[in-house]
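Engineer: Let's see this in three dimensions:
(3 chains)
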Amino acid sequence: MAYWLMKSEPGDVSVDDLAAMPAATVGWYGVRNYQARNFMRDQMRPGDGVLFYHSSCAEPGVAGIAEVASPPYPDPTQFEPGGRYHDPKASRELPRWFQVDVRLVHKTRLLSLAELRAHPDLQEMRLLARGNRLSITPVSAAEWRVIQRLLQEG
DNA sequence: GCCAACGTTGGC
DNA sequence: GCCAACGTTGGC
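Structural biologist: Next up, the predicted model:
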């Protein structure tokens, strides 16, 4: 059982959008970074914990608790000619990009980036590392517990 | 294989 | 809109 933080732009898929989807589940399409892909393809397992994070918005931060809801499978958007995520070098036989399904467990209060940064026990979070741009980052079990507690305290 | 140029991310 | 940081591309 591992834990992850996954960034989504609320203008694209917000926590409320996710809640409204069938079974509150979305295929995590569109990742085009090899490190992030490898996390999904090689390390994620159904049941892994996910912090659903809003990025590129007015109030960046954790907005929900989710979980990995499928094994990895090819991202269908790589095969869509003309689409934003089309990859001409990918084929059905040799897909390049993978995704997992992510299911919302519950929405949370917004745990802001500023609050994460300020917390002494979260200084080592990969999300907060200088220059981090990865859209998917591992979260340690200790960090996960601290964040669960912060969310329960309100 | 080096590395400059370019594009993207994402907080502010 | 700015810009720091980083990944990718492509000429050599």
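
Engineer: DNA strand B contacts on chain A?
Structural biologist: Taking Cβ under 7 Å from any atom of the strand, the part of chain A that reaches DNA strand B is made up of A:7, A:32, A:55-57, A:60, A:113-114, A:117, A:133-135. For every residue, glycine as well, the C-beta is placed using N, CA and C.

Engineer: just the residues you listed that are near DNA strand C?
Structural biologist: Among those, DNA strand C is touched by residue A:133 when using Cβ under 7 Å from any atom of the strand.

Engineer: Quick one, which of the residues of chain A next to DNA strand B are buried?
Structural biologist: When neighbours are counted using 16 or more other Cβ atoms under 10 Å, the residues of chain A next to DNA strand B contain these buried positions: A:7, A:55, A:60, A:113, A:134-135.

Engineer: Next step: the residues you listed restricted to strands.
Structural biologist: residue A:7 (DSSP state E).

Engineer: nearest to residue A:89, of the buried ones among the residues of chain A next to DNA strand B?
Structural biologist: Nearest to residue A:89 out of these is residue A:135 (Cβ to Cβ; 20.6 Å).

Engineer: What distance do you get for the closest one to residue A:78?
Structural biologist: Distance of residue A:135 to residue A:78, computed by Cβ to Cβ, to the nearest Å: 16 Å.

Engineer: cool, residue A:144 as well?
Structural biologist: Residue A:144 is 31 Å from residue A:78, by Cβ to Cβ.

Engineer: ok, now residue A:49?
Structural biologist: Residue A:49 is 27 Å from residue A:78, where distance means Cβ to Cβ.
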